[in-house]
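Asker: here's my sequence, what's the structure:
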Amino acid sequence: MPGVLAIDHGERKSGFAYSDAARILCNALDPAQAGGTSTELYDHLRGLLEEHDVGTLLVGLPLAPVAGSASTSPSDRLGERARSVLRFADGLRKRFPELEICLYDEHLTTKEAESRLTEAGYRGPDRKARLDSWSALVLLEDWLAAGEPR
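Answerer: I've put the predicted structure just below:
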């Protein structure tokens with residue numbers, strides 16, 4: 001079973017994390033200084049796919065919390081940011097049809113990543129440079145802990 005590459009997709013910068021095939025090791029990888037649907041982002045991603053044995057791309061989906069609403073439908077929680085991620089995921093499916101593309105709620109991954117970076121002693125520019133990939137790492141760990149839902 002190949003590994004999983006998690007993506008914290010952003011409009012200007014995107015973070016990445018990888019889990020090996022055994023799902024034992026998870027590592028934050030270098031972020032792409034590109035986002036949206038830019039050629040640079042896809043080139044960076046292609047390089048990561050050449051470097052790592054990947055069978056699944058896990059993409060963080062920023063679902064908005066619905067305060068005071070009885071509805072739990074994911075479609076009720078799709079803001080513009082989530083729609084942008086869905087367009088990105090469609091692009092991934094077209095460019096990498098051999099890979100499974102999974103979307104997973106990334107709610108609070110950035111806050112958890114910020115907390116971990118602070119605990120690890122990262123400050124200022126060092127912390128900012130790592131934030132997106134550490135967010136992808138939290139996303140990946142959450143998804144694995146949830147039993148790899150599809």
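Asker: Gly10 contacts Gln33, correct?
Answerer: No: Gly10 is beyond contact range of Gln33, at 10.3 Å (criterion: Cβ atoms under 8 Å). Any C-beta I mention is one placed from the backbone N, CA and C, and that applies to glycine too.
Asker: can you list contacts of the longest helix seen in the chain?
Answerer: What stands out as the longest helix in the chain, according to DSSP state H, is helix 124-145. Residues outside helix 124-145 that contact it (Cβ atoms under 8 Å, 6 or more residues apart in numbering): 4, 6-8, 10, 13-19, 23, 26-31, 58, 60, 102, 104, 106, 109-110, 112-114, 116-118, 122, 149.
Asker: now, which of those lie within helices?
Answerer: Of these, the ones assigned to helices by DSSP H are Thr109, Thr110, Glu112, Ala113, Glu114, Arg116, Leu117, Thr118.
Asker: list buried members of the residues you listed by neighbour count.
Answerer: Thr109, Thr110, Glu112, Ala113, Glu114, Arg116, Leu117 (16 or more other Cβ atoms under 10 Å).
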